[in-house]
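Novice: generate a structure from the sequence data that follows.
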Amino acid sequence: MFDQGDDNQSTAAAPAAPAQGLASVGSNLPTPVTAQSSDDTKAPSSSGSSDLSQIKKEALASLAPLADKLDQVPAEKFKTLMMLIQSADSQDLIPAAYEAAKQITDDKAKAQALLDVINEINYFSQPK
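Specialist: Residues are numbered from 1 along each chain as shown. This is a model prediction of the structure:
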């Protein structure tokens, strides 16, 4: 009977270990992102990344006038516009992002989107 109790104790202890293991795995998730960021900081020295940078600039310039043609719900349209604004470091699409934010139906998401618009305006309003 005691052997069964010991088995139950070891079985009860077993789930705790995987939970801790998952917690440590979860805490390690940002590390690959940091590692990628470190690689990105090294990348500009290579000619391949300068090609990618040029492609990105051209893609952003091509996408910006087409952004309103995308068939997206307001929240996704807002995210796309904010990505374009931040990637191109251009304030030209802020009015469109503001309009998309106003159309978001979920109040929490709408509030966050409006705050994001205000933050972008603050960013572009700072003296450089």
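Novice: where does pLDDT dip in the protein?
Specialist: Within the chain, the stretches falling below the threshold (pLDDT under 70) are 1-46.
Novice: same thing but at 90, please
Specialist: By pLDDT under 90, the weakly predicted segments of the chain are 1-50, 64-65, 67-68, 70, 127-128.
Novice: break it down into its domains, please.
Specialist: Per automatic domain parsing, the structural domains of the chain span 1-45, 59-128.
Novice: what about the last one, start to end distance?
Specialist: In other words, domain 59-128. Using CA to CA, to the nearest Å, the end-to-end distance of domain 59-128 comes out at 26 Å.
Novice: then stretch 59-76?
Specialist: 19 Å.
Novice: so that it lines up with my notes, have the first residue be 9 from now on.
Specialist: Got it, first residue is 9 now, which makes that one stretch 67-84.
Novice: how about residues contacting it?
Specialist: With CB atoms under 8 Å, 6 or more residues apart in numbering as the test, stretch 67-84 has contacts from 85, 88-89, 92, 95-96, 98, 100-101, 104, 108-109, 111-114, 117, 121. Every residue, glycine included, has its C-beta placed from N, CA and C.
Novice: of those residues, keep whichever come out buried.
Specialist: For those, a neighbour count by 16 or more other CB atoms under 10 Å gives the buried set as Lys85, Thr88, Leu89, Leu92, Ala96, Leu101, Ala104, Ala108, Ala109, Ile112, Ala121.
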